[in-house]
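K.L.:
dropping the sequence and predicted coords here.
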Amino acid sequence: MLALLFILFAGMAVGCAISMVVQRNPLYGAISLIGVFVALSCLYVTLAAPFIAAVQVIVYAGAIMVLVVFVIMLLNVEEEERRPRMKSLVPIAVGLAAVLFAETVFIIRFVATSPATPAGNVSDVGLTSSIGTGLFTTYLLPFEITSILLLMAVVGAMTLARRGGLLPANAVVVPGHQSFSKEALHPATTPDLTPVVARTTKDAERLMGVAGAPHADNEG
């Protein structure tokens, strides 16, 4: 029964991983990655590691993937543009896949033949009690150091977000590639909406008459 469940969830994980790689739309790729995380959590359950399975769903399939999906939606990333790729990428990908497959086979054979591998199917490695005992006894110092590093990252992000005054008070921010109307550049009695295109920041400065002002370049 466990072998059938392993084949089912492993096939689901591999299928979702392939779908994630071949998807042109990044949002569909992120959804496929969620499928990979869910399949991995199911595999952890079959290996008698319920705590790791719950963390896999809550942290990765939940918090991290929600953040990734929000970033994709905020950036409004469209479908990937088809561009010519280097011909050497295909043999490199095949070679790396062969190396990964060989490593997987080696690890499986090494684990099966290792004397440290438990003889039965019962293991307490992934149980909540064993993980909690290890975190607060043997690995207490690395656990606390990780907490301090996360706190430093949060404080640094807040400091960078609150920092201001990057530009002087008299600075003029002139975008690069943009279109003006003749009426906006040279007000006249008769409205004239003929577009005037500025392709660089210098062209925009010349049209707007701010060529001598300090500015932050934003070449388009």
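P.N.:
It's in.
K.L.:
how many residues are close by Leu135?
P.N.:
Using other C-beta atoms under 10 Å, the number of residues around Leu135 comes to 13. Bear in mind the C-beta positions are built from the backbone N, C-alpha and C, glycine included.
K.L.:
surely it meets Phe143?
P.N.:
Yes - using C-beta atoms under 8 Å, Leu135 is in contact with Phe143, at 5.1 Å.
K.L.:
avg pLDDT for the longest helix along the chain?
P.N.:
Across the chain, the helix with the greatest residue count (assigned by DSSP state H) is helix 89-113. Helix 89-113 shows an average pLDDT of 84 in the prediction.
K.L.:
next secondary structure after it?
P.N.:
In the C-terminal direction, the helix or strand that comes right after helix 89-113 (DSSP states H and E) is helix 128-135.
K.L.:
buried residues in that next one?
P.N.:
When neighbours are counted by 16 or more other C-beta atoms under 10 Å, the buried residues of helix 128-135 are found to be Ile131.
K.L.:
list the helices and strands the helix or strand where Ala53 lies packs on?
P.N.:
Counting by DSSP H and E, the element that carries Ala53 is helix 50-55. Packing partners of helix 50-55 (3 or more C-beta pairs under 8 Å, 6 or more residues apart in numbering; DSSP states H and E): helix 26-46, helix 128-135.
K.L.:
following that helix, which helix or strand comes up?
P.N.:
Using DSSP H and E, the helix or strand that follows helix 50-55 towards the C-terminus is helix 65-75.
K.L.:
quick one: pLDDT of the nearest residue to Thr128 once chain neighbours are set aside?
P.N.:
Once flanking residues are discounted, Thr128 sits nearest to Phe51: 4.4 Å by C-beta to C-beta, 6 or more residues apart in numbering. Taken from the predicted model, the pLDDT recorded for Phe51 is 85.
K.L.:
wait, Phe51 sits on Leu127?
P.N.:
Yes - Phe51 is in contact with Leu127 according to C-beta under 8 Å; the separation is 6.3 Å.
K.L.:
next, count neighbours for the residue nearest to Thr128.
P.N.:
The local packing count at Phe51 equals 16, with neighbours defined by other C-beta under 10 Å.
K.L.:
buried set for the longest helix of the chain?
P.N.:
Of the residues in helix 89-113, none is buried by neighbour count under the rule 16+ other C-beta under 10 Å.
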